[in-house]
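Enquirer: next one to model:
(2 chains)
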Amino acid sequence: MKSTDDRNAQFEAECRTAGLTLGARDAELLYAMWLEWLPERERLRTAAPAPEDEPWR
Amino acid sequence: MAMNVADLDLRGVSDGIARGEFSSVEATEAYLGRIAQHDHVLRSYITVTADLALAQAKDADAEIARSRRRGPLHGVPIALKDLIAVAGVKMTGGSRVLADHVPTRDAFVTRRLKEAGAVLLGKLAMHEFAFGRPVIAGAFPTGRNPWDVQRSPAGSSSGSAVAAAAGLCAGALGSDTGGSIRGPASMTALVGHKPTYGLVSRSGVLPLSWSLDHVGPMTRGVWDSAVLLQAIAGADPDDTSTRGATTQNYVEHLDDGARGLRLGLLKRYYVDFPGLNDEVRAAAFTAFDVLRKEGATITDVDAPSLDLAMPAWAPIMSEAYEYHAETLRATPEKFGEGLRTRVYFTALFTAQDVQRAQRLRARIGREVDSLLSEVDALIFPGQAMPAMRFEDFPTTGFAPASIRYTAPWNLLGLPAVVVPSGFTRDGLPVSIQIVGRRFDDATVLRIARAYERVTDWHRRRPDPTRWRV
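Expert: Here you go, the predicted structure:
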């Protein structure tokens, strides 16, 4: 499990990568939403698509 | 007029005009009077187009008097979510960003409704750009639930739900990207129909997420929704997603009943979900028993990959970031805090996340299509819980317990309708949902009608004496 500091650093890095420049309030709200959704995102990233899982097949 | 137009459903208004019991002008004046009387509390309208409505109603009455009734919508007063363009009428999207925006062209659906002779009462409140949070103050309040004005009608088609449920129009159009028609309809005892993706044009409609956006009816009755869908469905050269639109007669077989239909209950994913409210669950089981008594067979079915629907839906919502990014960078202060947070959130998904989501979307679609080759439709509770108090809405997030019941069907583009199925002990509406095969919207409406015609939930009306804050 990651520490809060690690999570903060990860969040800030992802915001930078996305090109987001946020005020303090927006950053606080976005962090809360991002943190809440992490388990769902983890499920997305660990779901193994099958070869036939193509959008237009 | 002996009867109160505001208590009628759209069919009642249509029949009343057709039989000469009241004129379109009288019906229009009745709605405008009710809006003037109650909308300072309910806040369902952003713009009331009284002059336009009365002119259209007068024209309708004149045409009908010459025995030229165009059809069931002729002279019927309706209203549109404020992201559907009407030429010459302000369209704000519920946002300060577009506070003074006046489109010069009608949306496709607006044109179709005008051709059908409908009367436009105005433009309806909504969550900011169909993605913001419910608000009760500020320039664009999102509306109060007429069943309990301390509660939200949910969103984002909040004003459409409030106006239709409170009798401030005979029916409304909303839009649905993750549940924005079906959620508010469930919270206000309405029928809410998200049509098949590609059946109803989105041209002239502000986008939220173009591969998930749907435009559809919100009404007191199933017939009402069928008639509105009939008017707005069909191919539009300005929206390529409608190239393959296959329309049906949505009214002809509405009363064929449920006998012989095979329904699949998505029990594991929806009924066994721990976040499902007990009263909603109990009402849904009672409703499914009604459908059994009406001759449908119901079997438990499952699509295991539905567990991946919410993880797949959210990255695809990054289409909203693509749409808003430049304006957000230039004038972030013009957006509400809730909208900003949600749009920024979708920017944090990577390219791989989005492509993974598209692949999972394909997998879920295959599994569900396979189920729908064995049953005629899928059924489950319409929402996880009844209407929430404004103060209970979380500051951030997507309210995942609720959108679980709706967003997967945006992902797959299948027709989905909610129909009122009871009330909680606190008097709050609950619903069931029916999902069908692609472009078989007629069957989901027929099943909804089979339930509706032997129950009376849709006949209940909220009490205007309680519309005080």
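
Enquirer: now for the residue nearest the centre of chain B: which residues touch it?
Expert: Nearest to the geometric centre of chain B sits B:Ile181, at 2.4 Å (C-alpha atoms, centre = their mean). B:Ile181 is in contact with B:Ser157, B:Ser160, B:Gly174, B:Ser175, B:Gly192, B:His193, B:Lys194, B:His214, B:Gly216, B:Pro217, B:Met218, counting by C-beta atoms under 8 Å, 6 or more residues apart in numbering or on different chains. Using the backbone N, CA and C atoms, a C-beta is placed for each residue, glycine as well.

Enquirer: which residue does the stretch 51-200 of chain B bring closest to chain A?
Expert: For the stretch 51-200 of chain B, the residue closest to chain A is B:Arg133, as judged by C-beta to the nearest C-beta, at 10.6 Å.

Enquirer: can you tell me the closest non-neighbouring residue to that residue?
Expert: Distance criterion C-beta to C-beta, 6 or more residues apart in numbering or on different chains; nearest residue to B:Arg133, sequence neighbours excluded, is B:Gly338 at 3.2 Å.

Enquirer: export the strand or helix carrying that neighbour to CSV, keeping only CA atoms.
Expert: Using DSSP states H and E, B:Gly338 sits within helix B:337-346. The C-alpha trace of helix B:337-346 is given here as CSV (Å, rounded to 0.1, in the frame of the first residue of the first chain):
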residue,chain,number,x,y,z
GLU,B,337,-16.7,23.9,-9.2
GLY,B,338,-18.5,20.6,-9.6
LEU,B,339,-18.2,20.7,-13.4
ARG,B,340,-14.5,21.7,-13.3
THR,B,341,-13.7,18.8,-10.9
ARG,B,342,-15.4,16.2,-13.0
VAL,B,343,-14.0,17.4,-16.3
TYR,B,344,-10.4,17.7,-14.9
PHE,B,345,-10.9,14.1,-13.5
THR,B,346,-11.5,12.7,-16.9
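
Enquirer: helices or strands up against that helix?
Expert: Other helices and strands packing on helix B:337-346, by 3 or more C-beta pairs under 8 Å, 6 or more residues apart in numbering or on different chains; DSSP states H and E, are helix A:24-46, helix B:309-316, helix B:318-330.

Enquirer: let's see 6 Å
Expert: Counting contacts by 3 or more C-beta pairs under 6 Å, 6 or more residues apart in numbering or on different chains; DSSP states H and E, helix B:337-346 is packed against helix A:24-46, helix B:318-330.

Enquirer: now do the last one: distance to the chain's middle.
Expert: In terms of C-alpha atoms, centre = their mean, to the nearest Å, the centre of helix B:318-330 is found 25 Å from the chain centre.

Enquirer: do it and chain A meet at all?
Expert: No: Helix B:318-330 is not in contact with chain A by C-beta under 6 Å from any C-beta of the partner chain; minimum separation 8.3 Å.

Enquirer: buried set for that helix?
Expert: Residues of helix B:318-330 classed as buried by neighbour count (16 or more other C-beta atoms under 10 Å in any protein chain shown): B:Ser318, B:Glu319, B:Ala320, B:Tyr321, B:Tyr323, B:His324, B:Ala325, B:Thr327, B:Leu328.

Enquirer: got the contact list for the fifth one?
Expert: What it means is B:Tyr323. B:Pro207 (C-beta atoms under 6 Å, 6 or more residues apart in numbering or on different chains).

Enquirer: apply 8 Å and report the result again.
Expert: So B:Tyr323 contacts B:Pro207, B:Leu208, B:Ser209 (C-beta under 8 Å, 6+ apart).

Enquirer: closest to chain A out of those residues?
Expert: The closest of the contacts of B:Tyr323, once distances to chain A are taken by C-beta to the nearest C-beta, is B:Ser209, at 15.2 Å.
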